[in-house]
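Task: produce atomic coordinates for the following.
(one chain, ligands or ions: 2)
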Amino acid sequence: MASILDTEIKYLPGIGPKRAELLEKELGIFTFRDMLHFFPFRYIDRSKVYTIRELEPTMAYIQVRGKIVSCSTAGDSPRSKRFVATLQDPTGRMDLVFFKGIKWIQEKLKVGQEYIAFGKPSEFNGIINMVHPEINLPTDEILYGGSSMMGVYSSTEKIKNSGIGNKQISKFQLTILEKYLDSIPESLPQYLLQKKNLCSLKDALKNIHFPTDNATLARAQLRLKYEELFYLQLGLLKQKSIRMRNDGGIRMPKVGDGFNKCYSSLPYPLTGAQKRVIKEMHSDMKSGKQMNRLLQGDVGSGKTLVAVLCSLLAVDNGYQACIMAPTEVLAQQHYKGISELLAPTGVSVALLTGSTKAKERKELLPALASGEIKILVGTHALIEDVVVFKNLGLAVIDEQHRFGVEQRSRLWEKSAIAPHILVMTATPIPRTLAMTLYGDLDVSVLDELPPGRKPVQTLHATETQRGRIFAFMKEQIKAGRQIFVVYPLIKESEKMDYKNLQEGYEAIIQEFPAPEYITAVVHGKQKNEDKQHDMDLFASGRAHILVATSVIEVGVNVPNASVMIIESAERFGLSQLHQLRGRVGRGSEKSYCILMTGYKMSKESRQRIELMCQTSDGFELAEADLRMRGPGDLEGTSQSGLAMDLHISNLAKDSQILEDARQLALAVLEADPLLEHPSNALLRTQLSVLKKNGNLPTDYSQIS
Ligand code: ADP
Ligand code: MG
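Numbering: from 1, shown residues only. Ligands and ions are numbered 1, 2, ... in the order given. Take a look at the predicted model:
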């Protein structure tokens, strides 16, 4: 359905081709509809006028009314040149400062005239000022659309420099609304609007840009958030409902030799949670429906064993299984651990990674295609087209957050019938986020750690304590323990990071000289062989200290390591810190995590460090992370293919709406699983539009 709203943005009065290009590039606004759906991110009450005495540099945008009493230009270099106008009201004086557009503002401002200045107060040399305020005459029409709450739109440097300010964006919105509001079709069925008491799309769009008061704004926001989250859930749940109606999944009813032999030769009993989760999975795997399950379990909860036992179920039923890890180091570790677990069963296992030699590949690939190899462990290399299974029955993806939806779907294509899928994540995903990211997946939780684990004591330290930390390290090594020292590695400052690591490493070998102490080092710039060599050195207990970048973050298992020192800890996110900390505390010894930071830290960094010292509960940390940073920043989520770019909803704040929208979607699908009823025609069209625009996941093409 083409509509007037699909008109290209360049045809909107005041825009034209040049500005249109900028709007497209910078803000993703291509059409009138995009513009209308470009919502303010906050609002300013412009009915309130402050007095100068009331102003404080901590305030957000406000307005003051006063007379200009003097003007001057200052600074002689082009960079420091500025125009300063002093504004006075009955309570005091302040400066209005302009660095740009000086000529224009100089002509506009008249000494002795009264103005309304609108901007953010700041302080310079003890005097309150405003930099680049918006200036209006008290008689100017500034209350667009009759609204006293002004929407503030996000912008970019380039947009601002092109002369499109907030005022212009408001004007664009008003133009579109005035001309086309009546031709905007409703996007939710009437019966749902009534049931949920939501306002119409028209009202919502009008009031999101130009609310008359907080109550109308809230109503508009609620409607738009509800719609966004409802369609997201409807799309995901519909896919799930199609999957659940399909009885063509691989059936794996048998518990055979492989499973039993592995199980009975374990040196420890399964935890209650492991037992429960394996039961949940086996009931999926024998149901005739394709399993699509997310296994969440905090670091150290024993996910690998669960994956291995489920893989053995597949093997016992005559199928192959694969276990995919995000990094080479982890795949190798997995391979080693899994081989040991499989030893009593005689089930054949192989490793395939990017660095598997051509010669080995030549032997491996045919053995995989013939079914001789039962379990394949590896990295992304597993999803290459040349990798052909005889009959893949289960695909396990470890540390899901590093894999995209795209990659998941390529696994599906490895088999005539979609294999069962188990995704395992150690990043505890808050419930809200899990529902959005994985609304299509069933979720199992390993909420119990193997017995005997002692909580890791977490401490914060700065450079002045370095000597004491070295002494502590020596004590621990003397007691037979091993130590991780981790450096951050961030793409943007990669060079500096490697330099820091190198310097740190040198400092350590100076303090801990060979042969008394052995220090291994692992980072991304090494050859794979070197990396493997040093990793082995540490894993086998021969090295006392491992200096590494965050590559060791995922999955490395060295139970004898009891100290984790994280350098520049303020640069890591909460969940990454938690992952790293999870590398220790796996043995029976008391373990420590030491967070090294600079003296100066931002408020957020300080909060993160404090939280780490307070709690070792991964879910609590993940919730806090979501609250503090918003879901967009959550580690890995951008790569994991968040099902949809959320436009207006905020997963941290709108979990209530999400929950409700999900219930509604469930109810709708229960009554009409394929949305075939005429009253749901609109839902179907909307879903296909969203899907076409890439706003819904499409990795289910296989079965739907
Ligand atoms: P993660 O969930 O972080 O992947 P792992 O699978 O690496 O955890 O397991 C962590 C450690 O716990 C391993 O050394 C593993 O052998 C051990 N482990 C797993 N299950 C149990 C259990 N039921 N009892 C005792 N130790 C266990
Ligand atoms: Mg693991």
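
residues making contact with stretch 80-88?
Applying CB atoms under 8 Å, 6 or more residues apart in numbering, the set of residues contacting stretch 80-88 from outside is 52, 64, 66-75, 93-99, 102, 105-106, 109, 115, 117. From N, CA and C alone the C-beta is placed, and that goes for glycine too.

What average pLDDT does that stretch get?
For stretch 80-88, the per-residue pLDDT values average out at 92.

Same question for it: list its buried residues.
Counting neighbours by 16 or more other CB atoms under 10 Å, one finds that the buried residues in stretch 80-88 are 82-83, 85-87.

I'd like the residues you listed as a markdown table, with distance to ligand 1 appended.
Putting those into a markdown table (distance: CB to the nearest ligand atom, whole Å) gives the following:
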| residue | distance to ligand 1 |
| --- | --- |
| Arg82 | 57 |
| Phe83 | 60 |
| Ala85 | 62 |
| Thr86 | 63 |
| Leu87 | 61 |
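
Flag every residue of this structure that's near ligand 1.
Counting by CB under 6 Å from any ligand atom, the positions of the chain adjacent to ligand 1 are 268, 270-271, 274, 297, 299-305, 426, 450, 555, 557, 559, 586.

ok, back up a step: of the contacts of stretch 80-88, which belong to strands?
Secondary-structure check on the contacts of stretch 80-88 using DSSP state E: residues within strands are 64, 66-74, 93-98, 115, 117.

Now a PyMOL select for only the buried ones of the residues you listed.
Selection of the buried residues among the ones in strands among the contacts of stretch 80-88 in PyMOL, burial being defined by 16+ other CB under 10 Å:
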select buried, resi 64+66+68+93+94+95+96+97+98+115+117
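
Which parts of the stretch 151-300 of the chain are strands?
Across the stretch 151-300 of the chain, reading from the start of the chain, the strands by DSSP state E, counting those that start in this stretch fall at 292-297.

In it, what residue comes closest to ligand 1?
Distance from ligand 1 to each residue of the stretch 151-300 of the chain (CB to the nearest ligand atom) is smallest for Tyr268, at 3.8 Å.

try the stretch 551-700 of the chain
The nearest approach of the stretch 551-700 of the chain to ligand 1 comes at Asn557, 4.8 Å away (CB to the nearest ligand atom).

Give me the pLDDT value at that residue.
The confidence metric pLDDT takes the value 77 at Asn557.

What is the neighbour count of it?
The burial count assigned to Asn557 is 16, neighbours taken as other CB atoms under 10 Å.

Which of the three states applies to it?
For Asn557, the assignment made with DSSP: H, G, I helix; E, B strand; the rest coil gives coil.

residues in contact with it?
Asn557 makes contact with 333, 337, 586, according to CB under 8 Å, 6+ apart.

so Leu5 makes contact with Asp182?
No - contact between Leu5 and Asp182 fails when scored by CB atoms under 8 Å: they sit 11.7 Å apart.

Give the residue from these two that has the larger number of neighbours.
When Leu5 and Asp182 are compared for neighbours, Leu5 comes out ahead with 17 against 7, by other CB under 10 Å.

How is the protein partitioned into domains?
As recorded under automatic domain parsing, the domains making up the chain are 48-142, 185-226+647-704, 257-446, 457-637.
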